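S.K.: starting from these lines, generate the structure:
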Amino acid sequence: MKKYIFTLSACFAIASLVFLSCDKKKDNGAITPTYKEDATGTAGNPNVNNQTVTGTNTLTNPATNNSSLLVGGSGWSNPTCISTNSLTLRGINGSVDVALNFSQLPAQGTFTYQISSSPGVGACSMVVQNAPNQPAGIVWYGKYGTVSVQTTTSSINASFTGVQCVQQSFNFPQVSVSGNIGCN
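M.R.: Reported below is the predicted structural model:
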């Protein structure tokens, strides 16, 4: 019987030590989560004019199909020209606006330029606004292609076939641009 009392006393002593050693201490300086009802304050955004956002916004592409654009010919106007020392050749037909941008005035003669995101030596950029058969208001940027430019003392003519243009945030769909922009 003494053996059982001794064992029971030993178990009780060990349980008491474990129970007392697990006493949680509160840190008054720590930030701890709680329920809204128990919290102090408004439980809202402390700066209502500066909204906080978690996560990311998903971009949606309004364009869904590839299309093509033929530039030049009847109905197209060319408001900028080399004779005005403009670094941009522009073709406009209604709301459709196609611009070729150069880093410097093309020299006289025939030269080939590669389409690039920004104009440079041997490269020009193309920007298309309001391409037909695409949602209005979308800007398309030339991704790749070749432009042949012929310049004389009184005129400039840029010809291109199959220049692929995409949106700034999306590589699909594409607008394929062919034709020419020229002026006297």
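S.K.: from the rest of the structure, what touches the helix or strand of the chain with the lowest mean pLDDT?
M.R.: Across the helices and strands of the chain, mean confidence by mean pLDDT, DSSP states H and E is lowest for helix 2-21: a mean of 73. Helix 2-21 is touched from outside by no residue, with contacts defined as C-beta atoms under 8 Å, 6 or more residues apart in numbering. For the C-beta atoms, the positions are set from N, CA and C on the backbone; glycine is no exception.
S.K.: my guess is residue 156 contacts residue 107. True?
M.R.: No - counting by C-beta atoms under 8 Å, residue 156 stays clear of residue 107, with 10.8 Å between them.
S.K.: between the two, which one's more packed in?
M.R.: Neighbour tally, residue 156 and residue 107, criterion other C-beta atoms under 10 Å: the higher count belongs to residue 156, 24 against 9.
S.K.: what's near enough to touch the more buried one?
M.R.: Residues in contact with residue 156 (C-beta under 8 Å, 6+ apart) are 81, 82, 89, 106, 149, 150, 182, 183.
S.K.: 10 Å instead, please
M.R.: 78, 80-83, 86, 89, 100, 102, 105-106, 108, 149-150, 181-184 (C-beta atoms under 10 Å, 6 or more residues apart in numbering).
S.K.: name whatever forms a beta bridge with it.
M.R.: Beta-bridge partners recorded for residue 156 (DSSP bridges): residue 151, residue 183.
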